[in-house]
Each structure stands twice: as structure tokens, then as C-alpha cells.
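Engineer: What shape does this take:
(2 chains)
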Amino acid sequence: MQQLSQHWVIRTISRRLACAVCLLLPIMFTPQVQAEATLPIADAHIHYSHDSVEMTPPERVIELMRNANLKLALVSSSDDNGTRLLTDLAPDLIVPGLRPYTRRGQISSWYTSSGNLEYVEQLLAENRYASIGEFHLYGDTADLPIPRRIVELAAEYNLILHAHSDADAVERLLAQKPVVKVIWAHAGFDEPEFVAQMLSKHDRLWVDLAFRGEVGSGGSLSREWRDLFDAHPDKIMLGTDTYTPERMYFVPEHAESARVWLATLPADLAEKIAWKNAYDLIMPVWKENSAMTTTLKAPTVAAACEQSIENGGVVVIDTPLTVIQPQGDIEVSEPFNVMINVCGGNLASTTVALDATMPAHGHGMNYAPAHRVIQRGESSVSVKVEGVRLHMPGTWQWAVNLRSEGSRITATHVFQLN
Amino acid sequence: MINSDINSNHSDINIHCATEQHWLKKAPQVEPDTNTKMTVRSKINAVLLCIAGTFAQTIHSETIARITFDNNEIALLKSFAPWPPAVPDDPGNELSGIAWAERLGEKLFVDPGLSGDGEISCATCHHRDKAFSDGRATAIGADTHHRNTQGLLNVGYQRWFGWDGGTDSLWAASLRPLLSDIEMNSSVASAANYLRAAPYVQTTLSSAGIIVANQTDDQLVVIAAKALGAFQRTLISDPTGFDRFVEAIISGDTQAQDTYPEPARAGMKLFFGEGNCHVCHFGPDFSNGEFHDTGRPFFTSVGQVDPGRYAGIKRLRSDRYNLTGQFNGAPNDTHLLKTLTVKLGQTNFGQWRTPGLRNLTLTAPYMHDGSLTSLRQVVDSYADVDPDRLHSQGESLIRPLDWNEQDRQSVVAFLKTLSP
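Structural biologist: Below is the predicted model of the structure:
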């Protein structure tokens, strides 16, 4: 009894002390400085992969981003569906990146998988992007054939590489093509002093700070990070990295916490890191690439014809150059797609049709596959034929039909299906 | 089933040794370590190879097939003993360890009058026969919770309280559910009114020299919370087969050691060795008291997540009953430091407090959301973890384990020996 009463007396005294402590609490306990709540943020590291799509509707994702006052979000997903959903929903906010992963779990296998490369090439033929990535590459794996082809595609399609890599792999990527630019994801998880050296060494290198919890920890920046920002004020950008579906809900928290430490920087530097650096790097690329859909089709499709031939496509008509290329292996009674690229001449109104027959049997397919124009220009057209199904083994014949006003060209190509 | 087979027939172990190279490998035959009574067993013809403080591979005799432990392993095992260790005082709780407060807390614990509707007590979700958990996946109080009810045995050893560590003392953790609208759904004013009117509260506090009429609502409710904390601090589980085994190792009682099941020994090897489980599940209570992302999902529904420790730190900082506040009855003790210095960072998003591993046979289902119904599922969850869910710069300790059926059963067998 007496003991407790004494405690209460002590507590009354200590309450006065506590009041003094309370005055210090904003500094001691919650050192966060009230930041400018509306500072826009460009988030350069968002994934919206298949499992995330299942758990968070795209409308909710956009809501989270708007709540975070994002000015730009560079989104790449495994598979690409999530990116497309967001891009369609908020084209003013979302910049699509192309991740070379069709599903989760390909971090360590994609760079030796021809299927992943075909996936990238197909999507590049169908859609527009600002970047390829985020992909994972370390050391000399960056020089394997598939990563090399990815770099070629980046140069060909005017795409930024987004690499989760060590410094060695980053330098190998940069060396492969003198035009490609690289966003070094997570600043390579390297020390800021080393990151500064890399940025000094490579003009075409930028870094995102995704998942670098030590940056601005507790609301303030260490001397090392501040030195990096001062030395390379135009090369740093922010990112959340939504590597699990749940992390999408961290986007507003990430933006909020970033604003706290950004508020300790000079306003112009804070603004650059918050959004301008990402915006200035990514948006010109995106504007150019997205405009290509209407203004630069012909060269792209011509390149598609050449690429298709290189990848084993069959030339069925010389003029205009018409190449057909089944995608993937053909198996009896299993559906597959066929890409047809036609290049040269006036093709603005040309229709393209594909059929398959078995001349010896007197019949064709039991299905009418869908034809979808994925690119059209005045002198080129690319058509994807979906759902082709050859239901018997034996000798088959492709029949390609090009029809335009006053003109019709038909060509065939015989092949064996076992 | 397999466990009992192995227990009843040592030759089974030898068969496994010969066929399951991953599980048990023979080590080169060397002289036994005479400094360790464990290895004095006359039949042992091999000892462990030890690699820099980690658990090495297993030895066995072709005639005895007993899994034993080397000096490094024994040193590690000793750090899990004795049980129970002394319980620290509840931080900031001047009633901690005071008998009348413990008795009052025990009565309050089962008193539904504290709740908003007068029907829910602490014991509604904390059943004594389930080590003070409730057997449900997620709790049901005034509303449905999205977290699993944690058992309260040994709660006094914790540094932070709740799955997200949103409170820094046991008494504040006792107050939180009282005021939560999905748990007991009361308020300070309502609870204080009830306490003032409850005869046993009046009597007890009066006997202790506390005049109820002189207390503000806050003061009275905090006294009740501290009494609840004082009571829960006394909830200590009994020693287990594991404890008896470790004590037998320490004392050199080989006969007592032999009563510890062989599959559990194998599981212990994996727990402390390849699994590295002990790094987080450390010490006599098998918890390091901190928070980790173990790759478990933390959606509560489509479009909603439970942010775990990230939200917990934020809640801690805004909690007027935390140790920085006026209700800390021991503001000069060192416990305050943890609250002042805890860091909030993005790695906290989706982290959960490492639970102790004692009494697991009583506290199913498991994990923060009760999503795993059996210990086997828990072991599988770790062994088959999706590395994509763990950022490459995240918890490097957790990685897929190439554990076969026997391995997994062994780890479960070991975990079961942590229950009385």
C-alpha cells in the first residue's frame, strides 16, 4: 500500500519531468520533420505482377498511386498484363516497362530461356514501352546471348534498361551498345561512395533508390548519401519496388517517408530526386516511343520482317516481302499462333489472311483462327493469327492471302507435321 | 507414425542413414571428445564434423544409432537453458511482482464487465487450456479480427507485445484490446465506471492504500491494466522434454539423455543447423523478440493488407500509454530506451514478431493470421519458401531448404518436445 502511494507521488513529480521530455519528443522520438505533403513523386520501380493483379484491382492500384501524389510510375510486371491494365487505366500516370518475365520465379532463369526472349520480342512487336526491365543479371551473365539480344532490342526500340545488377554486369550492359541508358535498380545495393564513382564513370547511368531503407532512415540523410546527391543531382530517382503483392500498399508510405528526408535537402535538389530526374529521363523516351505507333510504323515493321527471317520465319512472297512465323513449337491438335509480317509497297488497306490445308486429304483446319492487326503503316503490316490448330499429322500447306483494292496475292508453303 | 517406428527400433535409423544421405551422413571415425560426457558413450564410434560454430553432420553408431552433439552444439544448447529463467519486470509497471496486483489482475482477466457490451473478457480469446490462445485462425471479439490470438504463457519474457509490437509493455498491451473496437470495444470512461462499481476492485485497491474515488478515469484504467500485466507476467509454462534433455547434457546424465526421442534429436540438428531456425527462435523462450518477414502473405482481403511491424511502430509512437508517456511508473529504467530508439523503415512492412516456440501443441493454428493449421505446414512453409517473396537484400537467412519427408517430420518431432 505504502509502496504504491509512493509510486504515485513519484509519478506526479515525474509527470512534470515528462512534460519537459514531451517538448523534446518531436526531436528525440519522432524526428520526422513535417514535409511538404504535396511534393510530387516519380516512382521508378513498380511491379504489378500476376499475383498482385489477383489481390489488388487495377483501380485500387491507381487510387494508391494518386493518394501518394505520384507524378509518374514506371511499371514492369511478370507477366505484362498488369502493366497493360494500369497503362490503359491511367495513361497520364503510368509509363510501361517490359519485364522479361512471364511469371514469378524467373529471376535466375530468364537469361538462358529462349522462351523469355521470344516473349519480349513478341510484346515489343505488339506494344510500346519506355524500358526493358527490371531484370536480374550479375557479372558475366550480362554477356550471354539472350541479355545481349535484350540490349540490342533496347537500342533498336529506344528503350532504357532497368537492371538489378552488380556493377560488373552494369558495365557489361553499357559496353554492348553505346546508346543504351541504364537505370541501376537499388543503386546496386552498393555503398554511396562507390555509386558516385560509377555515376562519374558512366554518363548513361542513373540509379533508383528502391529498397534502400538506409537512405533517409529516421528522417535524415547520412553524410555519405548527401555527398552522392550533391555530386550527381541529376542521376538519382526514387522507387518503391513492389516485389510482393502486399508491397503495393507501401507506395503511399514510401512517398510519405521520402518526403520527410527530401525536406532536409535544398528545394531544387529535393525536387530533382523526387520526380524531375525520373521524369526528364523517362518521359522523353516514352513520348517518342508511344508516338511511334502512328508515325514510325514502317521502319519498325520492316525491322520485324527482317527479324522474323532471322528467327526462322518463312518468306512466302517476295513482293511485298511476306514472312510467316509460327510462335513456338507446333504440336498436333495443340493451338498456337502465327505471326505474319508484310513489308514494302502500299499496304495501308491490305488485308492479310492465313489458312492451312491438307491437300492430300482435301480438307483444312477445323477452326477459323482469329486475325489481329498489331501494327499497320502505309508500307507495312503485322498480323497475329491466334488459335491455329492442326488436328492431324501429315503434310500441311500454309495459304497466305493479301487482298487490297484491285489486287489479290495468294501464296502457299508446304510443310510436314509429325 | 514414423517417429514411433524410429523410437522403437534403432535399426531403422541405420537404414535411413544408409539410404538418406541428406538426412544422416556418416562422419569419419575419430576419437570421442572426452571433455563432453555426451560423447563418453562407449558405443559411439564417430563424432561430428563441426564447421565454425554451426551444427555439423550427424554421427551414429551402427549398433546404437544415437545422434549426439559436439562441444559447439552443446554450448549453443546451453544458451536455451535453464527453463524457466527469471521473468523481468513489466516495463513501467510499478505493480509488477506485487502479489495483490497479480491476484487482482487474475480476476480482471476473466471479468467481462470491462468490455463495451459486458460480455467479452480477456479469457474469451485467451483460454487457459490452450496456453491462453483460442484455437481459432483469427480472433473474434466485438468483431472479427484479422490476426491470430497469441498464447500468453511466457508473455512476460517479451520485449514487444502483439504480432506487430505495437505496445512496449505488458500493461499497455493489456489496455489495447480493452479499447479496440474489434476486441473488447470499451472506452476509458466506460471501463473506469465499471471498475469504480466493482466491489472486488474497490476492496483490493482500498486494501492497497489506493482510494478509488481519488483516481481519474485514466489512472484507474491504467491501474487495472498494470494489474492485468502483473498477472500475465506470472504465466510461465512447465519444463519440457527439451529442457530435461538439455539439463541432462549439462549434468552429464546419459540415462536421462536417452529418454529424448531420436527423431527429435534429428529435428534438433536441422533446427540448429541447416535450418538456422535458432537465429530468430533464440534463447530459452525460442524468440529473439524481434520482427521478421518470413515470406508469408499479409493480405487481409482483396485490396487490403495488414502492414505488420510497420503499422506497429506507428501505433507505438502514437500510443499515449507507451513508455514515453505519463503513465510510465518507472520512467528512469532502461526499458524506455527501446521505445525512443526503435527505427521505422520499409523493411518493417510485412514483418511479424518472432513467436516463442514453447507450447506449440496447444496453440494451433499458427502464424500471424492463423493461416497454417499444423506444425507440419509451418515447417513446409519455411522449407518451401518462395524466394521471390524475400527480396534478395531481405532476410537472407530464409531460403528454400532441400528437406525430405524424414527431415520435415523430424523437425516437427523436435518442436513437439518444446511443449510440456
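
Engineer: which SS state does the closest residue to chain B within the stretch 251-400 of chain A fall under?
Structural biologist: Proximity to chain B, evaluated over the stretch 251-400 of chain A using CB to the nearest CB, is greatest for A:H254 at 6.4 Å. Placement of C-beta: from N, CA and C, glycine included. The three-state label given to A:H254 by DSSP: H, G, I helix; E, B strand; the rest coil is helix.

Engineer: That one: neighbouring residues, count only.
Structural biologist: Residues contacting A:H254 under the criterion other CB atoms under 10 Å in any protein chain shown number 24.

Engineer: Just give the closest residue to it, not the sequence neighbours.
Structural biologist: Nearest non-adjacent residue to A:H254, counting by CB to CB, 6 or more residues apart in numbering or on different chains: A:T240, 4.3 Å away.

Engineer: would you say the one you found is within a helix?
Structural biologist: No: applying three-state DSSP, one finds A:T240 to be coil, outside a helix.

Engineer: Phi first, then psi, for it.
Structural biologist: phi -90, psi -40 (degrees, to the nearest 10).

Engineer: Taking the stretch 101-250 of chain B, what residue is nearest to chain A?
Structural biologist: Closest contact between the stretch 101-250 of chain B and chain A, by CB to the nearest CB, is at B:G209 (2.9 Å).

Engineer: which residues sit in contact with the residue most central in space within chain B?
Structural biologist: For chain B, the residue nearest the mean C-alpha position is B:G356 (1.3 Å; CA atoms, centre = their mean). Neighbour list for B:G356: B:N154, B:Y157, B:H281, B:D285, B:F286, B:S287 [criterion: CB atoms under 8 Å, 6 or more residues apart in numbering or on different chains].

Engineer: doesn't B:L344 fall inside a strand?
Structural biologist: No: secondary structure of B:L344 (three-state DSSP): coil, not part of a strand.

Engineer: From B:S237, how far out is it?
Structural biologist: For B:L344, the distance to B:S237 equals 33 Å [CB to CB, to the nearest Å].

Engineer: Look up the closest residue to A:D43, ignoring the ones flanking it.
Structural biologist: Of all residues not flanking A:D43 in the chain, A:A73 sits nearest, at 4.8 Å (CB to CB, 6+ apart).

Engineer: CA atoms only for the longest helix seen in chain B - export them in PDB, please.
Structural biologist: Using DSSP state H to define each element, chain B has its longest helix at helix B:217-232. The C-alpha coordinates for helix B:217-232 follow below in PDB (Å, rounded to 0.1, in the frame of the first residue of the first chain):
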ATOM      1  CA  ASP B 217     -10.500   7.600 -15.300                       C
ATOM      2  CA  ASP B 218      -7.100   7.300 -16.900                       C
ATOM      3  CA  GLN B 219      -5.400   6.500 -13.600                       C
ATOM      4  CA  LEU B 220      -7.900   3.900 -12.700                       C
ATOM      5  CA  VAL B 221      -7.900   2.100 -16.000                       C
ATOM      6  CA  VAL B 222      -4.100   2.100 -16.000                       C
ATOM      7  CA  ILE B 223      -4.100   0.600 -12.500                       C
ATOM      8  CA  ALA B 224      -6.300  -2.200 -13.900                       C
ATOM      9  CA  ALA B 225      -4.100  -2.600 -17.000                       C
ATOM     10  CA  LYS B 226      -1.000  -2.900 -14.800                       C
ATOM     11  CA  ALA B 227      -2.700  -5.400 -12.600                       C
ATOM     12  CA  LEU B 228      -3.500  -7.400 -15.700                       C
ATOM     13  CA  GLY B 229       0.100  -7.100 -16.700                       C
ATOM     14  CA  ALA B 230       1.300  -8.200 -13.300                       C
ATOM     15  CA  PHE B 231      -0.900 -11.300 -13.500                       C
ATOM     16  CA  GLN B 232       0.100 -12.300 -17.100                       C
END
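
Engineer: Quick check: next helix or strand after that helix?
Structural biologist: Moving toward the C-terminus from helix B:217-232, the next helix or strand (DSSP states H and E) is helix B:241-251.

Engineer: picking that back up, which ones are touching the residue nearest to A:D43?
Structural biologist: Taking CB under 8 Å, 6+ apart as the test, what A:A73 contacts is A:A42, A:D43, A:A44, A:I46, A:M65, A:L86, A:L93, A:I94, A:V95.

Engineer: so where do the strands sit in the stretch 301-418 of chain A?
Structural biologist: Residue ranges of the strands in the stretch 301-418 of chain A, as given by DSSP state E, counting those that start in this stretch, are A:314-317, A:321-327, A:336-343, A:351-358, A:363-364, A:370-377, A:380-388, A:394-404, A:407-417.

Engineer: near chain A, which residues of the stretch 301-420 of chain B?
Structural biologist: B:302-305, B:307, B:310, B:317, B:324-326, B:328-329, B:331, B:339-340, B:343-347, B:349-350, B:386-389, B:391-393 (CB under 8 Å from any CB of the partner chain).

Engineer: Which ones among the residues you listed lie within strands?
Structural biologist: Secondary structure from DSSP state E places B:Q304, B:V305 of these in strands.

Engineer: Any quick ChimeraX command for the buried ones out of the residues of the stretch 301-420 of chain B next to chain A?
Structural biologist: Buried members of these, defined by 16 or more other CB atoms under 10 Å in any protein chain shown, are picked up in ChimeraX with:
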select /B:303,305,307,310,317,324,325,326,328,329,331,339,344,345,346,347,349,350,387,388,389,391
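
Engineer: So which of the residues of the stretch 301-420 of chain B next to chain A sit within helices?
Structural biologist: Under the assignment DSSP H, these contribute B:Y310, B:R317, B:T339, B:L340 to helices.

Engineer: The third one and B:A173, how far apart?
Structural biologist: Distance of B:T339 to B:A173, given as CB to CB: 13 Å.

Engineer: what do you get for the first one?
Structural biologist: According to CB to CB, B:Y310 and B:A173 sit 18 Å apart.

Engineer: how many neighbours does the nearest residue in space to B:E247 that is not next to it in sequence have?
Structural biologist: Once flanking residues are discounted, B:E247 sits nearest to B:A81: 6.5 Å by CB to CB, 6+ apart. Number of residues near B:A81 (other CB under 10 Å) recorded here: 17.

Engineer: wait, B:A81 sits on B:V246?
Structural biologist: Yes: using CB atoms under 8 Å, B:A81 is in contact with B:V246, at 4.5 Å.

Engineer: so whichever residue of the stretch 1-150 of chain B sits closest to chain A, which of the three states?
Structural biologist: Across the stretch 1-150 of chain B, the shortest distance to chain A (CB to the nearest CB) belongs to B:E94, at 4.3 Å. Of the three states, B:E94 takes coil under three-state DSSP.

Engineer: If we ignore the residues flanking it in sequence, what's nearest it?
Structural biologist: Spatial nearest neighbour of B:E94, chain neighbours left out: B:G329 (3.6 Å); criterion: CB to CB, 6+ apart.

Engineer: Can you classify the residue positioned nearest the centre of chain A as helix, strand or coil?
Structural biologist: Nearest residue to the geometric centre of chain A (CA atoms, centre = their mean): A:G97, 2.1 Å. What three-state DSSP gives for A:G97 is strand.

Engineer: Likewise for A:T141?
Structural biologist: Reduced to three states by three-state DSSP, A:T141 is helix.

Engineer: now do A:E63
Structural biologist: helix.

Engineer: how many neighbours does it have?
Structural biologist: Neighbours around A:E63, by other CB under 10 Å: 15.

Engineer: Pull up the gap between it and A:K181, please.
Structural biologist: Distance from A:E63 to A:K181, by CB to CB: 31 Å.

Engineer: Kindly report the same for A:S131.
Structural biologist: Counting by CB to CB - A:S131 and A:K181 are separated by 9 Å.

Engineer: who's more crowded, those two?
Structural biologist: Legend: neighbour count by other CB under 10 Å for A:S131 and A:K181, higher for A:S131 (27 against 21).
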